[in-house]
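*Asks:* Show me the folded form of this:
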Amino acid sequence: MSNSMPLRPVVSIITPTYDHADFIGRCIESVLGQSYPNWEQVIVDDDSKDATADIVSQYRDPRIRLERQSNQGAFELAKTYNHALSLATGELIAILEGDDFWPPDKLAKLVPAFDDADVVLAYGEAADVDAGGQEQGRKSDTARKIRRLPYSVLYNNPVGSATRYMLLTEGRSLVSPSTVIIRRGALEQIGGFQFVAGLPLTDYPTFLELSLKGKFHFSRRILGYRRRHETSVSVRYAQTIHDTVSDFTLAFLDRHHNRIDLSSSERQRIQQDWRATEDRLHFSEGRLLLLQRRWPEARAKFHDALKSKDLKVRLAAAAGSFFSWLHADIELLMKLAGRAAFRGARLNATDQKS
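*Replies:* Numbering: from 1, shown residues only. Down below sits the predicted model:
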């Protein structure tokens, strides 16, 4: 019909998954519940040992495609993402890992942003949820900081405005993968999802490269739910991620020195900023070790976290150390404090190969 609305672009949703039997159903249901109908979901199962693939196979919607591959592991995640990208047909690419999920209006809110040809990436706020999918009681520190950022950083306008902030530790969380849609053409210009040796993630280096390619669009709505649990890559490999990303930022600066003009003092600030986050990282490691009943090791991590200049981190570390003597975890305390608890996901005896 001549007066009908034009067909909106296809959004290809890339969903890497591994041993997500407890979570993948919620993930898929959140896609099926989208008010925006023009999508496909490419689910790449990394040779799960649980019932993940069986659960996916129960969904008969033709827009959902399951691809099984031999195990690549967390440290080859970029390869899995790019395999999914090669199978995708859409001009827009969304990310939704198998343990995360969306609100019903996620696609409808962000797709119109790409009417602006200069926009390469659109995103929104993310909310942390626990293993059972319950949203934490208070906004994360990241969410509160994002609310105070200037337009130029949030929208990367002019192009490159977000880059400097993203090189800082808190800037790594500016763009949460579960909220993102990317213009495929821009993604292909940078060579697809970025691989960094020794880094079990691809989103941060990819988003950094895109920050030099075009503008961003930001929505202040929650457009992705990020599940925090003891088996997630971001929790299990927190120290590795921190160390590798801090080295990567300096390499990124060297590679793009003609685009990012930093003084020696600004560069030094970036290095100092990454070192300053070690204490908070040690606290998270201690939480995980408590859940694994490795009491002395947990106590050692909390002891390291007690050196933090942040009073809240020191108090939490003191509580963690006390509970390590009681042979108990602190997940209930974290929940009472409004944080997403790690408890609820069973740790698999068989780890992914790396």
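
*Asks:* For stretch 13-22, which outside residues touch it?
*Replies:* 24, 27, 31, 39-52, 55-56, 71, 74, 77, 80-81, 84-85, 88, 93-99, 131, 231, 345-346, 348, 352 (C-beta atoms under 8 Å, 6 or more residues apart in numbering). C-beta coordinates here come from the backbone N, C-alpha and C atoms, glycine included.

*Asks:* Name the helix or strand for Arg267, please.
*Replies:* For Arg267, the host element (DSSP states H and E) is helix 264-276.

*Asks:* Who are the packing partners of that helix?
*Replies:* On a contact count with 3 or more C-beta pairs under 8 Å, 6 or more residues apart in numbering; DSSP states H and E, helix 264-276 meets helix 238-255.

*Asks:* Flag every buried residue along the helix it packs on.
*Replies:* Buried residues in helix 238-255, counting neighbours by 16 or more other C-beta atoms under 10 Å, are found at Ala238, Thr240, Ile241, His242, Thr244, Val245, Ser246, Phe248, Thr249, Phe252, Leu253.

*Asks:* hang on, isn't the fifth one packed against Leu199?
*Replies:* It stands for Thr244. Yes - counting by C-beta atoms under 8 Å, Thr244 does reach Leu199; the two are 4.5 Å apart.

*Asks:* measure the residue nearest to Glu40 when sequence neighbours are not counted to Tyr36 for me?
*Replies:* Distance criterion C-beta to C-beta, 6 or more residues apart in numbering; nearest residue to Glu40, sequence neighbours excluded, is Arg63 at 4.8 Å. Counting by C-beta to C-beta, to the nearest Å, the gap from Arg63 to Tyr36 is 12 Å.

*Asks:* What is the least confident helix or strand in the protein?
*Replies:* Least confident helix or strand of the chain, by mean pLDDT, DSSP states H and E, is helix 233-236 with a mean of 72.

*Asks:* if we look at it, which residues are touching it?
*Replies:* Ala74, Leu77, Pro200, Leu201, Arg228, His229, Glu230, Ile241, Ser284, Leu288, Phe342.

*Asks:* distance between stretch 267-278 and the chain's centre?
*Replies:* 21 Å (C-alpha atoms, centre = their mean, to the nearest Å).

*Asks:* i'd like the first residue to be 32 from this point on
*Replies:* Will do, 32 is the new start, and the previous item becomes stretch 298-309.

*Asks:* What residues of that stretch count as buried?
*Replies:* Ile301, Asp304, Trp305, Thr308, Glu309.

*Asks:* Can you list the low-confidence ranges for this protein?
*Replies:* In the predicted model of the chain, residues 32-38, 168-173, 261-263, 266, 374-385 satisfy pLDDT under 70.
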